[in-house]
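K.L.:
Here is the input, now give the coordinates:
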Amino acid sequence: MTDHDDIDGGRLRLDKWLWYARFFKTRSLAAKLCNGGAVRCSGTVVTKAHFPIKSGDVLTFPQGRHIRVVKVLALGVRRGPAEEARTLYEDLSPPAPGTAMDIGRSSGRPTKRDRRALERLKAEE
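P.N.:
Numbers count the residues shown, from 1 in each chain. Prediction:
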């Protein structure tokens, strides 16, 4: 059975879909996440990279510091450009902009600029 046979049947391997949708840089990274049991497909814990997914499935998985929840809209046939990859899913939990996690500092100590912003907020109250 080839990959195109899987797509014709309305199913695709989970690791391939995560790679096609550009959530992971390599297919082996996607497979490692799937094999580690960190992915859920419509509430079911996935422990194999070859888990078959179809349109309408909801996937939950960690990516960096965020937990991603996406709905599968289409099965891809290739790893194309980012615009094409965005058509494969609907993001149900976009990361909130401006949170402390997005800043990316390793130290919890505020800078002078942060301190001044806090003082302005406290003065407004």
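K.L.:
Need phi/psi at the residue nearest the centre of the chain.
P.N.:
Centroid-nearest residue in the chain, with Cα atoms, centre = their mean: residue 68, separated by 4.4 Å. Phi and psi for residue 68, reported as degrees, to the nearest 10, are phi -100, psi 140.
K.L.:
which ones are touching it?
P.N.:
Under the criterion of Cβ atoms under 8 Å, 6 or more residues apart in numbering, the contact list for residue 68 reads 23, 59-62, 91, 93. For the C-beta atoms, the positions are set from N, CA and C on the backbone; glycine is no exception.
K.L.:
So which of these are in strands?
P.N.:
Members of the contacts of residue 68 lying in strands (criterion: DSSP state E): 59-62, 91.
K.L.:
how far does the helix or strand residue 122 falls within sit from the chain's center?
P.N.:
Residue 122 is part of helix 112-124, with elements assigned from DSSP states H and E. How far helix 112-124 lies from its chain's middle: 34 Å, per Cα atoms, centre = their mean, to the nearest Å.
K.L.:
Stretch 65-74 too?
P.N.:
From the chain centre to the centre of stretch 65-74 is a distance of 5 Å (Cα atoms, centre = their mean).
K.L.:
If any of the ones in strands among the contacts of residue 68 are buried, give me the ChimeraX selection for them.
P.N.:
One line in ChimeraX is enough to select the buried members of the ones in strands among the contacts of residue 68, burial here meaning 16 or more other Cβ atoms under 10 Å:
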select :59,60,61
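K.L.:
what's the most distant pair in the ones in strands among the contacts of residue 68?
P.N.:
Across those, no pair lies farther apart than 62 and 91, at 14.6 Å, counting by Cβ to Cβ.
K.L.:
Give the helix, strand or coil label for the residue nearest to residue 35 when sequence neighbours are not counted.
P.N.:
Excluding its sequence neighbours, the residue lying closest to residue 35 (Cβ to Cβ, 6 or more residues apart in numbering) is residue 49, at 5.6 Å. Secondary structure, DSSP: H, G, I helix; E, B strand; the rest coil: residue 49 is coil.
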